[in-house]
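1. Give me a model of this one.
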Amino acid sequence: MPWFYLIIAGVLEIVWAYTMKQSDGFSRPIFSLITISAMIASFWLLALAMRTIPLGTAYCIWTGIGAVGAFLVGILVLGETVNAVRMIAAVLIVSGLVLMKISSN
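-> Residues are numbered from 1 along each chain as shown. So this is what the prediction gives:
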């Protein structure tokens, strides 16, 4: 269950990053409410995962899921630019996540 909590926490990090952008500086109430709710849920699930998963592993994977997910949402939903350097950076983050997971067994 801890890994499930961690993955969902990472997905919620993507949600709150996207909705924070959509909140336009917290001036749009619905997006602001979604942002804050997703943040709270994400932190809560991260805390549950950290009961079992080491801090370094849990935090790196949580932030990595959020970073790569927000990067993909930016490209696919918000039309942000794609270039080779950004793609290499995303691949390196995912590689680091895989190595963290492997090393925590």
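2. ok, the residue of the chain positioned farthest from its centre to residue 95 distance?
-> With distances taken from the mean C-alpha point of the chain and given as Cα atoms, centre = their mean, the most distant residue is residue 27, at 22.9 Å. Computed with Cβ to Cβ, to the nearest Å, the distance linking residue 27 and residue 95 is 38 Å. For the C-beta atoms, the positions are set from N, CA and C on the backbone; glycine is no exception.
3. host element of residue 101?
-> Assigning secondary structure by DSSP states H and E places residue 101 in helix 84-103.
4. Give me the residues contacting stretch 89-105.
-> Contacts of stretch 89-105 with the rest of the structure, by Cβ atoms under 8 Å, 6 or more residues apart in numbering, involve 53-54, 56-57, 60-61, 64-65, 67-68, 71-72.
5. buried set for that stretch?
-> Applying a neighbour-count criterion of 16 or more other Cβ atoms under 10 Å, one finds 90, 93, 97, 100 buried in stretch 89-105.
6. try stretch 21-31
-> Neighbour-count burial for stretch 21-31, with 16+ other Cβ under 10 Å as criterion, is recorded at 21, 23, 31.
7. now do stretch 63-77
-> Going by neighbour count (16+ other Cβ under 10 Å), the buried part of stretch 63-77 is 64-71, 73-74.
8. and the helix holding residue 101, how far out from the chain's middle?
-> 14 Å (Cα atoms, centre = their mean, to the nearest Å).
9. quick revisit: residue 35 versus the residue farthest from the centre of the chain, what's the distance?
-> Residue 27 sits 12 Å away from residue 35, going by Cβ to Cβ.
10. Kindly report the same for residue 71.
-> 18 Å.
11. Next: residue 6.
-> For residue 6, the distance to residue 35 (Cβ to Cβ) stands at 20 Å.
12. Ignoring the adjacent residues along the chain, who's closest to the spatially most central residue of the chain?
-> Nearest to the geometric centre of the chain sits residue 66, at 1.6 Å (Cα atoms, centre = their mean). Nearest non-adjacent residue to residue 66, counting by Cβ to Cβ, 6 or more residues apart in numbering: residue 13, 3.3 Å away.
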